[in-house]
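Chemist: Just the structure for this:
(2 chains, ligands or ions: 1)
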Amino acid sequence: MTSPPGGYFGQALLVDVSEGDVRRVPLPDGVLREYLGGAGLGTWLSTELGPAGIDPLDPAAPLSFVFSPLVGTPLTTSAKFAVVAKSPLTGLLTDALASSHFAISGKFTGHDAIVITGRAAGPTHVLISEEGVELVDATPELGLSATAAEEAVREKYGRRWRAASIGVAGERQVRYATMSHDGRHAGRGGLGAVLGAKNVKCVAVQGSRRSELADRAAVLAAAKDLRNRSFGPATAKYRELGTLSNLLAFNAINTLPTRNFQSSTFAEAPALSAEDLAESRSVARSTCASCSIGCEHIYASKSGKKARVEYENVFALGPMCGVSDPDQVLEASARCDELGLDTISAGGTIAWAMECVDRGLLDVPWLRFGDGAALLRVLDEIGERTGIGKLLAQGSRSAAEVVGQGSSAFAPHVKGLEMPGYEPRTMQSMALGLAVNARGADHNRSGAYEADLAGGLDRVHGTDEHVRAAIETEDRAAVMDSLILCKFLRGVFTEPFEEWAGLLGPITGWDITGTELRETAQRIVLAKRAFNLREGWTAADDWLPERFLDDSVELDSGRTATLPAERLRAMIDTYYAERGLDQHGRPQLVQTDSGTEPTP
Amino acid sequence: MNGAAGIVLAGGRSSRMGTSKAALEWHGSTLLRQVTGVLDRAVTGPVIVVRAPEQKLPELDPRVVVRDDPEEGHGPMQGLAVGLDTAHTYADTAFVCSTDLPFLHTAFVHAVLRGFQLDREQGEEAPIDVVLPLVHGYRQPMAAGYRTGLAPLVAQQLRTGRHKPAQLFEECRVRRLTDEELLTDPRLARADPELDSVVNVNTPEDYERARARPAPEVTVERFGVLATRGGTRGSVRVRAATLAAAAEQVGLELDGHIVAAVNGDQIRDDGQCPLLGGDTVSFLSADAGG
Ligand code: SF4
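Modeler: Residues are numbered from 1 along each chain as shown, chains lettered A, B, ... in the order given. Okay, the predicted model is just below:
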């Protein structure tokens, strides 16, 4: 057998927790080069290993932890892994990234990916090392938060273990339950529920086996250079205040979704702002493993609870639900982390329910916009699946189907995934990105907001130019999420594809160019779409909730932001054409050595 | 299709001014850059400049569409035909004006364009073709709203030797808006109560007088690290006619890492973007998002 490319082991570990069967499958060089790692390789694994049309919570549905060639190198922000599976929230592909030592220890077990299938007979932890795989009883850890379960596993089995765990929400299979390690969450799409359905509480890894590097000296030099650049102005915002510094800026530009997108500004936003929090309370900064930026800002609420604060969780649990008391928002954020709930989906689903209550469609009189105590109560009910939480644990799309009475028109989701904190009517590159992205309404796989915020395009009047800008950001994300590098580094690259090829070459030994990586990006984007097509996606899923197409947003400037259905349709048609899809958004599939693949 | 375009007829002779009005200096920018910038802020459709054959224009925002008037000397109707014809693909209506309106305010443009909606609100069947302001009793065909579908009618009028806007108005549905009617718009009443939007500069003296007025007063806000680093939070009021001038007054530079929004609208990195009295300028980090 020839040795794999540098940065890889050339194999994935498959663990069937039903019987404890373990096998290793080779990952051909061609596949590694075509899909890189992380989200890309995870898409390939899901396509190859997942039975078509399977229920995401079925034992046979695979859940993959996918590493990358950069993991274990000194390149800043590279200690990341992707968790990839068919989502119980969307019924389509979901890939969530997290950053921690789990990536390094997991890869150093000697695998480029670890795939879990099956359903254990009882609550189980899966311990994976270079020596092998062990399934152990997790009954004592049931009901614990991910952090507590992780700690318990390390107490019992040794501090060298790194455990990705689920909280109560994952155990109860809340469809937007997260999985986390060391406070970093694979947040979106309900991966915690998939692990919960397998009766697995923690997947713990330890290892020390390093992959080869083709040119170690060149990798070290590149790492030094990247580290220096990571201290520059392009990352200042993340370092100094974290992503929460978006809040007031977005409020000023009519793009802060408020009260379930009924408004795009929140009068009480200053109370929740990074600027105010930084002034009024103690803050601890934290960083993911192997990161020189350190964007995480952790604030304490009055009760002393520590909460990680970033724009998305504050938006979703604050303005989106009309809650302005920073202590209640911090408590709610900490509560989501304890239960293991995706803050964006939780906030979006709750905000939808609050609007239903306002309109008399749901009889839960205590669940009102602006009521922080109600927010905390409903989070517990969702995590435990009790009371109204039983309905809301399904996410806003399914809940709206149950409630009916027109409530789907304002359920804030695309393909079932709740929307992040960007008002699509005032950010129309983003509107397109949200509508067409494979994962659903998502700001990390389509970073099209960059185009809206850069200044070159009129952000309230989407055109073909907006579509092309959105495609460019989607392509960049596809490569960054597969390499994997943190998105917050993106501003330091001036010729990103070429520079990324320059990082990958000395690791792998490939003679790789920016042009090839652009093709890789397109391949990964289309492969996700091909997976979704196989699982029942139709062009009707590439769309936005009616609210955004029917109602307008008045700007302080006197202009009105509207997103008529015809304009969105035209943008989507352009997207299909530019991506080489047919008029129904379908990629063409061909049979290759790597399996069934889309062709551009 | 919906939304409105902005059309500037730049081709008129500047005989009394003695020099090209379009290129007249305006607070570090030019008069044409000012007027096109105001229209760009006001409309969602494109901004179109119609110039005389061979006419040299000062530097404009690259997004501005420039069209040539095929023949010189037929007055504004010729430019109007070209402008409306160009705009027709993108927008149902257009605000049309001349180059020489240094105090044109977005609120005025909006108040005029709103005239097209009134018929719908009042339940009238036939659409309005022209919204014609009557400011201080004077008709303002060069600061008015036109339906872009009028292009063929304007062209036909020209062919039959009818070169005056007034002759066009005889053929279509015109809504006239008096001072009182215009000023029922609260934004306009606040921003431009004297309706200086239609003050034009025809002579060097007019220009000197207009230029001598102080730059407009605007409110500046900074967010994120731009606020915490400078040590001054909250908003400040400054006098600045362009974005670059406002940035400079608060110690910032639009260097690619900093962008701005005016009144919560478009994100801009163009320092020459004109500012108007009452504006709020928000400076933010260009690396927003995440
Ligand atoms: S920038 Fe933030 S999210 Fe990215 S790797 Fe560093 S600490 Fe983690």
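Chemist: A:Ala152 falls within a strand, correct?
Modeler: No - using DSSP: H, G, I helix; E, B strand; the rest coil, the assignment for A:Ala152 is helix, not a strand.
Chemist: where's B:Val238, which helix or strand?
Modeler: Here B:Val238, judged by DSSP states H and E, is contained in strand B:236-239.
Chemist: before we move on, what about A:Ala527?
Modeler: helix A:514-534.
Chemist: Could you name the helices and strands sitting against that helix?
Modeler: helix A:29-35, helix A:38-49, strand A:93-99, helix A:464-483, helix A:496-508, strand A:595-599 (3 or more Cβ pairs under 8 Å, 6 or more residues apart in numbering or on different chains; DSSP states H and E). Backbone N, C-alpha and C define where each C-beta goes, glycine included.
Chemist: can you rerun that using 10 Å?
Modeler: If you count contacts as 3 or more Cβ pairs under 10 Å, 6 or more residues apart in numbering or on different chains; DSSP states H and E, helix A:514-534 packs onto helix A:29-35, helix A:38-49, strand A:80-86, strand A:93-99, helix A:464-483, helix A:496-508, strand A:588-592, strand A:595-599.
Chemist: Check the burial of the nearest residue to A:Lys201 once chain neighbours are set aside by counting its neighbours.
Modeler: Excluding the flanking residues, the one nearest A:Lys201 by Cβ to Cβ, 6 or more residues apart in numbering or on different chains is A:Ala138, at 3.9 Å. Using other Cβ atoms under 10 Å in any protein chain shown, A:Ala138 is surrounded by 23 other residues.
Chemist: Show the pLDDT at A:Ala138.
Modeler: pLDDT recorded at A:Ala138 is 98.
Chemist: before we move on, the earlier item: looking at the helices and strands packed on helix A:514-534, which is closest to the ligand?
Modeler: Of all these, strand A:93-99 sits nearest to the ligand, with 4.5 Å by Cβ to the nearest ligand atom.
Chemist: wait, B:Gly73 sits on B:Gly79?
Modeler: No - taking contacts as Cβ atoms under 10 Å, B:Gly73 lies outside contact range of B:Gly79: 11.3 Å.
Chemist: Identify the bridge partners of the residue nearest the centre of chain A.
Modeler: Geometric centre of chain A, nearest residue: A:Ala96, 3.8 Å, by Cα atoms, centre = their mean. Residues in a beta bridge with A:Ala96, per DSSP bridges, are A:Val83.
Chemist: where's B:Ala144, which helix or strand?
Modeler: Going by DSSP H and E, B:Ala144 is part of strand B:143-147.
Chemist: Beyond that strand, next helix or strand please.
Modeler: Next helix or strand after strand B:143-147 toward the C-terminus (DSSP H and E): helix B:151-159.
Chemist: Pull the contacting residues for A:Ala149.
Modeler: For A:Ala149, the contacting residues are A:125, A:138, A:140-143, A:163-167, A:170-171, A:180, A:201-202, A:204, A:340, by Cβ atoms under 10 Å, 6 or more residues apart in numbering or on different chains.
Chemist: and with 6 Å instead?
Modeler: Counting by Cβ atoms under 6 Å, 6 or more residues apart in numbering or on different chains, A:Ala149 touches A:141, A:165, A:201-202.
Chemist: and of those residues, the nearest to B:Ala210?
Modeler: For these, the closest approach to B:Ala210 (Cβ to Cβ) belongs to A:Ser165, at 69.3 Å.
Chemist: can you count the residues close to that closest one?
Modeler: 30.
Chemist: do stretch A:177-193 and chain B meet at all?
Modeler: No - judged by Cβ under 6 Å from any Cβ of the partner chain, stretch A:177-193 stays clear of chain B, getting no closer than 13.8 Å.
Chemist: What's the end-to-end length of that stretch?
Modeler: This stretch, stretch A:177-193, spans 5 Å end to end (Cα to Cα, to the nearest Å).
Chemist: which residues make contact with it from outside it?
Modeler: A:83, A:85, A:87-89, A:94, A:96, A:98-100, A:102, A:146, A:164, A:166, A:169-170, A:173, A:175-176, A:195, A:340, A:342.
Chemist: try stretch B:49-63
Modeler: With Cβ under 6 Å, 6+ apart, stretch B:49-63 has contacts from B:8-11, B:22-23, B:30, B:32, B:36, B:64, B:66-69, B:72, B:79, B:82-83.
Chemist: Spell out which residues of chain A are next to the ligand.
Modeler: A:77, A:99, A:238, A:287-288, A:291, A:293-296, A:486, A:488 (Cβ under 6 Å from any ligand atom).
Chemist: per-residue confidence for the residue nearest to the centre of chain A?
Modeler: 95.
Chemist: Likewise for the one 3 residues further on?
Modeler: A:Ser99 is assigned a predicted lDDT (pLDDT) of 91.
Chemist: now it: how far from chain B?
Modeler: 14 Å (Cβ to the nearest Cβ, to the nearest Å).
Chemist: Skipping adjacent residues, who's closest to that residue in space?
Modeler: Here the residue nearest A:Ser99, using Cβ to Cβ, 6+ apart, is A:Cys288, at 3.5 Å.
Chemist: where does that neighbour land in three-state SS?
Modeler: coil.
Chemist: Measure how buried it is and give me the count.
Modeler: With other Cβ under 10 Å as criterion, A:Cys288 counts 23.
Chemist: With A:Val136 instead?
Modeler: 15.
Chemist: name the element it belongs to?
Modeler: Assigned by DSSP H and E, A:Val136 belongs to strand A:133-137.
Chemist: Tell me the strands beside that strand, with direction?
Modeler: strand A:124-128 (antiparallel).
Chemist: I'm done for today, thanks for sticking with me.
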